[in-house]
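Undergrad: coordinates for the following, if possible.
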Amino acid sequence: MKLLDVEVVLNIRNKGIQQTRHKPEVMKEFDDAPAPYAILSHRWEEPEVKYEEMIGFTKMEEEERKEVEGRPGYQKIIKSCEQAVEDGHKWLWVDTCCIDKRSSSEQSEAINSMYRWYQNAQVCYVYLNDVESTFPAEQDRIKFPKSNGWPEWFMRGWTLQELIAPKTVKFFNKDWKYIDNKCQLASTLKRITGIPHDVLTSGLAEDRLSVAQIMSWAARRVTTREEDRAYSLMGLFRVNMPMVYGEGKKAFQRLQREIIRVSTDQSIFAWSLQIPRTGSVLAEDPSDFWDCGEVKKMEPSVFVDKLWEYTASRGLSEPSRNKIAGREQHWRKLVAWLRGVDSQEFHTFTVSNVGIQVFLPVVPSRDSPSHCKAILACTRDSDLVTIDLVSSGRSFARTSINFLLPATYPEFKTLHLIHHQDANETRRQVALDDEYASYHGFTRRGTYPREFTDNTVTLSSLVDDLIVIVYANDNVGAWFAIGLGYYLGQEWVHVDGDGRSPTEEKGWEDVDRKAYNRMWKARTTHAMSTFNSKDSDVPPEGHFIKHVHLSQSIWAVRVIWGRWEADNSKIIVDVMQCPGCCVGPCSVTNISRDCSGLGTPGLTEDAVFGPYSLELDGRPVRLWKCSGQRIVLGDYGDYSDGELVRTGNIFEDMRTLGSDRGDSTNWRAVHPVSGPWRPDWMKNQDDLAMAYHSTSEKCLVLRQPQALSLSANEHVSRLLKDLSSRLEEKRLVTTVIQCTDFYTVDDNGKRRDSGDDSAPDNGNYPTEAGMSTLFYIIARPRVWRREPLCKQRQERFKSIRENFLALVDMNQPTGTEPSHSFANIFKKQLATFFSDLFGLKHLKNFIGAINIFASLPSMMETSPVSDVTSVGTAEEDGLRVRPPQLSCSNPVMEC
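TA: Reported below is the predicted structural model:
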């Protein structure tokens, strides 16, 4: 331990370097039992005075020395030395200059010893650089806006042990005026920190405080380095561990495992889930213990009494008709519990790669054999603390699922609790493509529970991970939420939207949270619907679709994704107009996709593979030969019998839409071309590539070939979306192969006449200088697909027209009473008919009950013609007004 000699420091400061004899050392190193010393606690303010600057202070040039003397950090050292002299102390320790941070071993030793150093100090000086005069008696968020209304010193992680460890603590304001000491301010300090009064006045007694309670004092404190949130707590728990800066949150995981090795306090598992998740039984950081200030550990005998109260108050004891038998059963359970808490297993934690082995009373779930509730030997507000667990192989993970408990006694069981947050973990990077959604004005409004950047969402397969993205269009009053998640290793995707826009008071954060909670509760259903959709007939490159109608709107959301285990982790979000004839939010359909291997703008499908084979970017592709056709990139048309009948070009159409093509590099990508294999005679001719025909022995040699494809970016994606309404079911040329020359060869590579393989006529279509377009690839963009009309749906529309007309006919005041009785019966049947037709039973699951059709009979009661017709010639002539006849050709009725 290195200590400053306060007299030497002050002599140098007061007399100057020239008048100080022999240039004495300002610092001396002691063993673990040094002479009495004072110690400083403060908030760092860069630039502080470093160790090497302090020991080399007397050797500095005058200009450099003046710069150091002008630092606020140097003034803190001088003021601390002056106060130490006043209090009769010769030595002083300051963390900024008494640790050589150039030495990792010395820094590690200091951090592991720091609690003891503060504890052994005669006095600790706390410098509050943001307190102007007296100690604040009340919270002041205006004066201290960045630290919850109190001086910033109380919000820092390292200052927690610096407040608790020393016996005597003196507080000073920014001008180094004495304020008061720890004992006199104990009541105020308790309100600020949550630390009990007796701990502040008498010190830390570990035997009577729970691990969770001590952790709660650090829950709202922060540190500059994430790892220091753990390292700053080691002394409070009397544990040591090496410093590994860069490990992040793993440091706090290590700290908890070290505590478990020296303690059997089960309150270390009593932390609360701030955000629903499933995974390690160890907390992620001290913030998870924010509500554990009143958690108290229990002696075994008291635990049994509390366990008995817990069982009785929740009706967990099994009822028995025979009182004597029931009493005997109670006694048997009591004896079993007493044996359980007296066993060696109950008092032992074992940490291994399988998990943390514990022996706890457990109550199984009534609905799920894989879930249970474990009861801990600690209380919160006089109630036993429980944690929810879910089995994951041989071990159990902590979960936030709430479930019903059966009427059964808790049973002591040996459990292995997962403690590695990243054990067997797969982190999936999911690319989110929502450009199509923005086409109709739907933009992102928020994500929950965390943010992400660069359109990439990271999900963990170990925990029950879930992230929700909310989209909205204020102009049409519609919104929806996309949920991307993992549930016990199964990825899933879901769409949610209840049709209600947020209020100004709550905003989109409330919508994010509620959508998250709905999906979290139903994640088992969502994961199973995704799992059941993975038909073995669908290839790994296949995709899945969810088509969901947004309630109370004309919009539908279509989400498309691939097999994540095949690294096909792209999510495409599209919005379209839809009358509501959808399959429902939990239904998933399968599609195949273009297997060309090249990136395409959005999702393409129904690729028609040609007979010629080449490799683009090292990936095999199948191509069609132009054979005299004038084909260029972006052409579209109808495909029939191996031939594309061109009808237009997307870049020509772009000009009619009033868009500027701009830089061509935004619209196309260039790829190197090679053949599936190269014969010996081509080995030294890198400018040649050979294309093979799948059914004939014909091979074509291409000179200086290059491939042009549509760029997989937002510019092309939005263009395809713009053209989707009038180019339904068309095929698109997504790639073309150009070359300066091509010909056939014999087995020795000798050129033959090309015959009918003459260069295609490119006419006025643009190509690279001296280049001819020889091959092309066609596919259909997913946004150009039109869902086929359902015959059954057309029959239902016909039935709608007939029934509406029947209702109007029944509304006439003429007729006999029996006919009116029949009409009432028919109207009730119509109410059921329309309820089923519009899928109200399905919609009720996520937008609530809809009663309009249940009121249909009363709404259509017989009334005079004047009550049901509009004023005009029809009423004057005594004629009823017939509703317009609905037609299946009406675009509103099509899906």
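Undergrad: quick one: residues contacting G248.
TA: Residues counted as contacts of G248 (CB atoms under 8 Å, 6 or more residues apart in numbering) are E226, E227. No exception for glycine: its C-beta is placed from N, CA and C like everyone else's.
Undergrad: beta-bridge partners for R731, please?
TA: Counting by DSSP bridges, R731 is bridged to G637.
Undergrad: look at it and say how many residues are nearby.
TA: 25 (other CB atoms under 10 Å).
Undergrad: before we move on, what about S640?
TA: By other CB under 10 Å, neighbour count at S640 equals 9.
Undergrad: who's in contact with it?
TA: By CB under 8 Å, 6+ apart, S640 has no neighbours at all.
Undergrad: now the one 4 residues further on
TA: By CB under 8 Å, 6+ apart, the contact set of L644 is W624, Q629, I631, D635, G637, D638, R731, V733, Y776, I778.
Undergrad: show me what the helix or strand hosting the last one is packed up against.
TA: With elements delineated by DSSP states H and E, I778 resides in strand 772-781, which encompasses its position. Contacts of strand 772-781 with other secondary structure elements, assessed using 3 or more CB pairs under 8 Å, 6 or more residues apart in numbering; DSSP states H and E, are made with strand 604-608, strand 619-625, strand 731-739.
Undergrad: could you tell me the angle between the longest one and strand 772-781?
TA: To tie it back to what came earlier, the one meant is strand 731-739. For strand 731-739 against strand 772-781, the angle by axes from the mean of the first three to the mean of the last three CA atoms, to 10 degrees is 150 degrees.
Undergrad: and strand 731-739, how far out from the chain's middle?
TA: How far strand 731-739 lies from its chain's middle: 39 Å, per CA atoms, centre = their mean, to the nearest Å.
Undergrad: likewise for stretch 390-402?
TA: Mean-position distance between stretch 390-402 and its chain equals 20 Å (CA atoms, centre = their mean).
Undergrad: do the same with stretch 676-687
TA: For stretch 676-687, the distance to the chain centre is 49 Å (CA atoms, centre = their mean).
Undergrad: I'd like the numbering to begin with 698 instead of 1 from here.
TA: All right, first residue 698 from here; so that's stretch 1373-1384.
Undergrad: pLDDT on it, on average?
TA: Per-residue pLDDT values over stretch 1373-1384 give a mean of 83.
Undergrad: now stretch 1266-1277
TA: Rounded mean pLDDT across stretch 1266-1277 is 76.
Undergrad: which residues in the stretch 748-897 of the chain form strands?
TA: For the stretch 748-897 of the chain, the strands defined by DSSP state E, counting those that start in this stretch occupy 788-790, 820-824, 866-869, 875-878.
Undergrad: let me have the ones you listed in TSV, adding mean neighbour count and mean pLDDT as columns.
TA: Shown next, in TSV, are these (neighbours: other CB atoms under 10 Å; pLDDT from 0 to 100):
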stretch	mean neighbour count	mean pLDDT
strand 788-790	25	96
strand 820-824	22	97
strand 866-869	22	97
strand 875-878	14	95
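Undergrad: any chance of the ones you listed in TSV, plus distance to S1135?
TA: Conversion of the strands of the stretch 748-897 of the chain to TSV gives the following (distance: least, CB to CB, whole Å):
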stretch	distance to S1135
strand 788-790	59
strand 820-824	53
strand 866-869	56
strand 875-878	57
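Undergrad: and the residue nearest to S1089 when sequence neighbours are not counted, what does it touch?
TA: Among residues not flanking S1089 along the chain, I1115 sits closest, at 6.5 Å (CB to CB, 6 or more residues apart in numbering). Going by CB under 8 Å, 6+ apart, I1115 touches G976, S977, V978, G1052, S1089, S1092, F1093, A1094, R1095.
Undergrad: looking at those, which has the most residues close by?
TA: With neighbours taken as other CB under 10 Å, the top of the contacts of I1115 is F1093, carrying 26 neighbours.
Undergrad: in the sheet, who's paired with that one?
TA: S1088, L1114.
Undergrad: you'd agree E704 is up against V782?
TA: Yes. Using CB atoms under 8 Å, E704 is in contact with V782, at 7.3 Å.
Undergrad: contacts for the helix or strand encompassing T1083, please.
TA: For T1083, the enclosing helix or strand under DSSP H and E is strand 1080-1089. Outside strand 1080-1089, the residues within contact range by CB under 8 Å, 6+ apart are 964, 966-967, 975, 978, 992, 1003-1004, 1007, 1059, 1067-1073, 1075-1076, 1093-1100, 1112, 1114-1115, 1185.
Undergrad: so what does the helix or strand where A1128 lies touch, helix or strand wise?
TA: Element membership of A1128 [criterion: DSSP H and E] is strand 1124-1130. Under the contact criterion of 3+ CB pairs under 8 Å, 6+ apart, strand 1124-1130 touches strand 1153-1157, strand 1267-1274.
Undergrad: what pairs with the first one, and is each one parallel or antiparallel?
TA: The reference is to strand 1153-1157. Strand 1153-1157 has these strand partners (DSSP bridges): strand 1124-1130 (antiparallel).
Undergrad: next, the buried residues of the partner strand.
TA: Buried positions in strand 1124-1130, judged by neighbour count with 16 or more other CB atoms under 10 Å: R1125, V1127, L1129, D1130.
Undergrad: one more: stretch 772-783?
TA: Those would be K773, I774, I775, K776, S777, C778, Q780, A781, V782, for stretch 772-783 by 16+ other CB under 10 Å.
Undergrad: ditto for stretch 812-822
TA: For stretch 812-822, by 16+ other CB under 10 Å, it's Y812, W814, Y815, Q816, N817, A818, Q819, V820, C821, Y822.
Undergrad: nearest to I911 among these?
TA: Closest to I911 out of these is Y812 (12.2 Å), distances taken as CB to CB.
Undergrad: wait, the closest one touches G932, no?
TA: Yes. Counting by CB under 8 Å, Y812 touches G932, with 2.1 Å between them.
Undergrad: which neighbours do those two share?
TA: Overlap of the contact sets of Y812 and G932 (by CB under 8 Å, 6+ apart) consists of Q858, A862.
Undergrad: among the helices and strands packed on strand 1124-1130, which is nearest P744?
TA: strand 1153-1157 (36.6 Å).
Undergrad: neighbouring contacts of the closest one?
TA: Contacts for strand 1153-1157 (CB under 8 Å, 6+ apart): 976, 1122-1129, 1149, 1162, 1164, 1166, 1181-1183, 1188, 1268.
Undergrad: what angle separates that strand from strand 1267-1274?
TA: For strand 1153-1157 against strand 1267-1274, the angle by the same axes, to 10 degrees is 120 degrees.
Undergrad: buried ones in strand 1153-1157?
TA: By neighbour count on 16+ other CB under 10 Å, the buried set for strand 1153-1157 is V1154, L1156, S1157.
Undergrad: and stretch 892-901, by the same measure?
TA: I892, P893, V896, L897, L901.
Undergrad: so how far is the helix or strand harbouring K1211 from its chain's centroid?
TA: Following DSSP H and E, one finds K1211 within helix 1204-1218. When distances are taken as CA atoms, centre = their mean, helix 1204-1218 is centred 13 Å away from the chain's centroid.
Undergrad: just the C-alpha atoms of that helix, please, in CSV.
TA: What follows is helix 1204-1218, C-alpha atoms only, in CSV (Å, rounded to 0.1, in the frame of the first residue of the first chain):
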residue,chain,number,x,y,z
GLY,A,1204,-47.7,7.7,-26.0
TRP,A,1205,-46.1,5.0,-28.0
GLU,A,1206,-44.0,3.6,-25.1
ASP,A,1207,-47.2,2.3,-23.5
VAL,A,1208,-48.2,0.7,-26.8
ASP,A,1209,-44.8,-1.0,-27.1
ARG,A,1210,-45.1,-2.4,-23.6
LYS,A,1211,-48.6,-3.7,-23.9
ALA,A,1212,-47.9,-5.3,-27.2
TYR,A,1213,-44.8,-6.9,-25.7
ASN,A,1214,-46.8,-8.3,-22.7
ARG,A,1215,-49.5,-9.7,-25.0
MET,A,1216,-47.0,-11.5,-27.2
TRP,A,1217,-44.9,-12.6,-24.2
LYS,A,1218,-47.9,-14.3,-22.6
